[in-house]
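Colleague: give the three-dimensional model of this entry:
(one chain, ligands or ions: 1)
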Amino acid sequence: MAVATFKGPPSECCGNKKMERKPSGRRRVYVQTETGCVLGLELDRSDNAHTVKRKLQVAFNVPIEESSLICGDMVLKNDLSVVRNDSPLLLTRNFLYRSSSTPCLSPTATDLQQRDQSGPIEIIGCSDIFSGTKQLVKDIMMGIKVGIEPIPIQSGLGGAYYFRNSHGENVAIVKPTDEVPYAPNNPKGFVGKALGQPGLKRSVRVGETGFREVAAYLLDHNHFANVPCTALVKVRHSIFNVNDRVNGNMHHNKAQISKIASLQQFIPHDFDASDHGTSSFPVAAVHRIGILDIRILNTDRHAGNLLVRKLEGLGRFDQVELVPIDHGLCLPESLEDPYFEWIHWPHASIPFSEDELNYIYHLDPFRDSELLRRELPMIREACLRVLVLCTVFLKEAATFGFCLAEIGEMMSREFLGHDEEPSELELICIEAKKLLNEEEISSFDAEIGDRDVTLFQLDCEDQDLDFTGNIEETMTVMPPFHLAAKCGNTRNPLFKLEESVLEEESGNEGELTFGADEYTDTVGNWMPNISKLSLSMKNTRFGEKSWKHLGVKQKSSFLAGTSSRNMSVNELAVNSTFVKLTDMDEEKWNQFLENFQRLLIPAFVNRKRGNVDKKQRQKLGTSCQF
Ligand SMILES: Nc1ncnc2c1ncn2[C@@H]1O[C@H](COP(=O)(O)OP(=O)(O)OP(=O)(O)O)[C@@H](O)[C@H]1O
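Modeller: Below is the predicted model of the structure:
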C-alpha cells in the first residue's frame, strides 16, 4: 500500500557533511535571530540554556536576561536534553526590550562564522528521506566551484533564488526563511515583522514557511502528489539579501551570509496552471494534489502554484504532468479558510478511484505527526492537530462517498458581505468542543451531585428544605450553561435526534436508506434524523459574535499591527480561528477527536440530503467533457 515506511530516528548526519556519528550528548544546532542572522553551534552534554545564551550574547550582542531561546513550541529554560541534533532554534528578544535596532552578527560572531567549518550548503535533518536532495546539493556545489552564481527570482513576494549546476542549469529553488513576505530581509519591500510573529496569514508565522514546504514533501508518501524533493538547509552565499534596518536600504556588500532556507528541486516546466486550460489535466493528478491539499489544509493552492509540464513521446500529444509547489502556507496553527483552486474544476466532481480510496484508507495522521516531529523538531503541535483533524475528516468523508469538490467545499468558509462564516468542518469542530465542555460539566455535576446527595441526606435528617430558595441560590452562583444543563437538556442536538429516532425505530435492514427523516446503515444501526440535524447545525449560534469574523478591511488593519499590541504572539497567530485547537490538553484533545468523529456521519448525511439540488445545478453548468 501507498504509505511510506518510516525508519527509526536517525543517528547520522548527511548532506554534504561526512557521515559522522556524534558522540552521545553532542548535537549541532542552528541558532537564528529574529532578524535572520544564523549561527551553527555544537552543544555538548554540559550545555544548558544559560551557557548557550552566554555564547550567543557574545555573538549577537543580546543580553542574556533580555532574550529567549525557542524551539518550536518550547521556550528552553535550562535543560537542553530535549533539543535534538540539527534543530533550528530561534533567539528572540523579550518584548519589553525589543527595539528597531534588533541584533545582527557582532564582529566576534563574524569571526565565529568564519571559523564555522560547515560547508556552503548543509541539509538540516539526517533522514534517508532527504537523499534525493543530497545529489542536488552536490550539483550546486560543483556549480559554485566553477563560478556559476545563483539567480534571484523576480516573481513572487518573497526572496527566492535559482541555484544552478556546473552547466548553468537551474537545479533548485532556494527560499531563505528571513526573506519571506514581512520578514526583516525581504528583498521586495514587504518588511515590518520579526521572525516568529504572525505573517501574511496570521496562523503561519514569519520565518516558518520553509519547514512547511518540507512537511508537504515528507507527507507526500510514495510521491503520490508529485511534490518535488524539498529539504531545509543552512546555506551560505553572497547573493542573499540583508536589509539595513537603520536606513531602510538593501545591503550590497558582497559578504557571505548564512541563512536557513528551504531548498526544492527545480522542475523544468512549460506553464503554470493559470496559463493553461484545465481540460488536459489528468483527473488522477488533480485528485492526488487535492488529497494532499486537504490533509495539509493548504491555504495557498492558487493556479500559479501548480506547474504544468508537457509530456513528450509517442501518443502523448496534449498530455501534461502537474507539479505542486509552494507549500509554505499549509498546516496553519489553527483551522483556517483553505484555498483550493481545483475546487471548481470538473475533475474534482469525479468520484475517487479505487487506488485513491486505498491511499486515503491507509493514511495514518498519528504516524504522520510522529514523522514530522522526528524530522522537523521545530514543528508546532498546533499544526499537527490541524493535520490530524483534516486527515480524519478526509478519511471519513471519502469513505462516506464524497468526491474531492464536496470535501473541499465542506472545508471552505462562506463570505457574507464582509463577514466570514465558519465552514461545515469548523461547525462540526465547534459542536465537538461544545460537547466536550458539556461532558466536563456533567462529570462536575456528577461529582457535585454525589456530594449534594450526601449533604441532602444529612440535611434531611435535621430539617425541612426550602427548595425554591435553593434553586434561586443555585441560579445566582452557577454559570448559565450549568443552569441550562440542570433545567433542560442541553446535550448536543445531534444526540437528541438520535434518541428521537431510536424511539421511532422501524425495521429497514441491510442497506443505507435515505428516508424522509432518518436512515439506517447496512446493519440496521439507527442514525440521526437528518432534516432536524440540518436545522440544528444551521441554527445553532455559538454566540453570534464568536463565529462571525471581522470583515476583510478590519483584518488588514489588524495585520498592520495597529491593534495587536496587547495580544501575545500566540493569540495573534490563532486569532483568525472560529475554533481553538490549542487550549486542550492531550486528554481533552483525544476526547474532542472522539466527539468530532462521532459527529461526522450525521453531518455528512445532512449535507448529502441538502446538497442534491446544488449538485444537479453544478452538473448542468459544467461544459467540460471527459
Ligand atoms: N520547484 C520549482 N521548480 C520550478 N520552478 C519553481 C519551483 N518552485 C517555484 N518555482 C518558480 O518560482 C516562482 C516563485 O516561487 P514561489 O511561488 O514558490 O515563491 P513565493 O515567493 O512563495 O511566491 P508567492 O509570493 O507567489 O507565493 C514560481 O512562480 C515558479 O515559477
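Colleague: buried ones in the helix or strand hosting residue 135, by neighbour count?
Modeller: Using DSSP states H and E, residue 135 falls within helix 131-145. Buried positions in helix 131-145, judged by neighbour count with 16 or more other Cβ atoms under 10 Å: 133-134, 136-137, 139-141, 143-144. Every residue, glycine included, has its C-beta placed from N, CA and C.
Colleague: who are the packing partners of it?
Modeller: Here helix 131-145 touches strand 121-124, strand 161-164, strand 170-176, strand 230-237, strand 257-265, going by 3 or more Cβ pairs under 8 Å, 6 or more residues apart in numbering; DSSP states H and E.
Colleague: now with 6 Å?
Modeller: For helix 131-145, the packing partners by 3 or more Cβ pairs under 6 Å, 6 or more residues apart in numbering; DSSP states H and E come out as strand 170-176.
Colleague: how about the closest residue to residue 292 other than its chain neighbours, phi and psi?
Modeller: The shortest distance from residue 292 to any non-neighbouring residue, by Cβ to Cβ, 6 or more residues apart in numbering, is to residue 225 (4.1 Å). Dihedral pair for residue 225: phi -100, psi 0, per degrees, to the nearest 10.
Colleague: so residue 225 touches residue 288, yeah?
Modeller: Yes. Counting by Cβ atoms under 6 Å, residue 225 touches residue 288, with 4.5 Å between them.
Colleague: on that earlier part again, which outside residues touch the helix holding residue 135?
Modeller: The contact list for helix 131-145 (Cβ atoms under 6 Å, 6 or more residues apart in numbering) reads 16, 121, 123, 163-166, 171-172, 229, 231, 265.
Colleague: separation between the residue nearest to residue 94 when sequence neighbours are not counted and residue 60?
Modeller: In space, and not counting its chain neighbours, residue 94 is closest to residue 66: 5.4 Å by Cβ to Cβ, 6+ apart. According to Cβ to Cβ, to the nearest Å, residue 66 and residue 60 sit 11 Å apart.
Colleague: if we can go back for a sec, and the buried residues of helix 131-145, which is closest to the ligand?
Modeller: Nearest to the ligand among the buried residues of helix 131-145: residue 136, at 10.9 Å, using Cβ to the nearest ligand atom.
Colleague: quick revisit: and the contacts of helix 131-145 near the ligand, which?
Modeller: For the ligand, the contacts drawn from these by Cβ under 6 Å from any ligand atom are residue 265.
Colleague: quick one: which of the contacts of helix 131-145 is most hemmed in?
Modeller: Among the contacts of helix 131-145, the one with the most neighbours (other Cβ atoms under 10 Å) is residue 231, at 32 neighbours.
Colleague: so that one touches residue 123, yeah?
Modeller: Yes. Counting by Cβ under 6 Å, residue 231 touches residue 123, with 5.0 Å between them.
Colleague: which residues are common contacts for the two?
Modeller: 130, 133.
Colleague: give the buried residues for the helix or strand where residue 395 lies.
Modeller: According to DSSP H and E, residue 395 maps onto helix 381-400. When burial is assessed from 16+ other Cβ under 10 Å, helix 381-400 yields the following buried residues: 381-398, 400.
Colleague: can you name every helix or strand that that helix contacts?
Modeller: Under the contact definition 3+ Cβ pairs under 6 Å, 6+ apart, helix 381-400 sits against helix 283-295, helix 365-375.
Colleague: got the angle between the next helix-or-strand element following that helix and helix 283-295?
Modeller: For helix 381-400, the succeeding helix or strand toward the C-terminus, using DSSP H and E, is helix 404-411. Between helix 404-411 and helix 283-295, the angle comes out at 20 degrees (axes from the mean of the first three to the mean of the last three Cα atoms, to 10 degrees).
Colleague: against residue 190, how distant is the residue nearest to residue 158 when sequence neighbours are not counted?
Modeller: Leaving aside its sequence neighbours, residue 158 sits nearest to residue 180 (Cβ to Cβ, 6+ apart; 4.4 Å). Using Cβ to Cβ, one obtains 9 Å as the distance from residue 180 to residue 190.
Colleague: between the two, who's got more neighbours?
Modeller: residue 180 (30 against 17).
Colleague: how about that one, phi and psi?
Modeller: Dihedral angles for residue 180 - degrees, to the nearest 10 - are phi -70, psi 170.
Colleague: and residue 579, what is it in contact with?
Modeller: 335, 426, 429-430.
Colleague: still on that earlier bit, which one of residue 66 and residue 60 has more residues nearby?
Modeller: Taking other Cβ under 10 Å, residue 66 and residue 60 do not tie; residue 60 has more neighbours (23 against 16).
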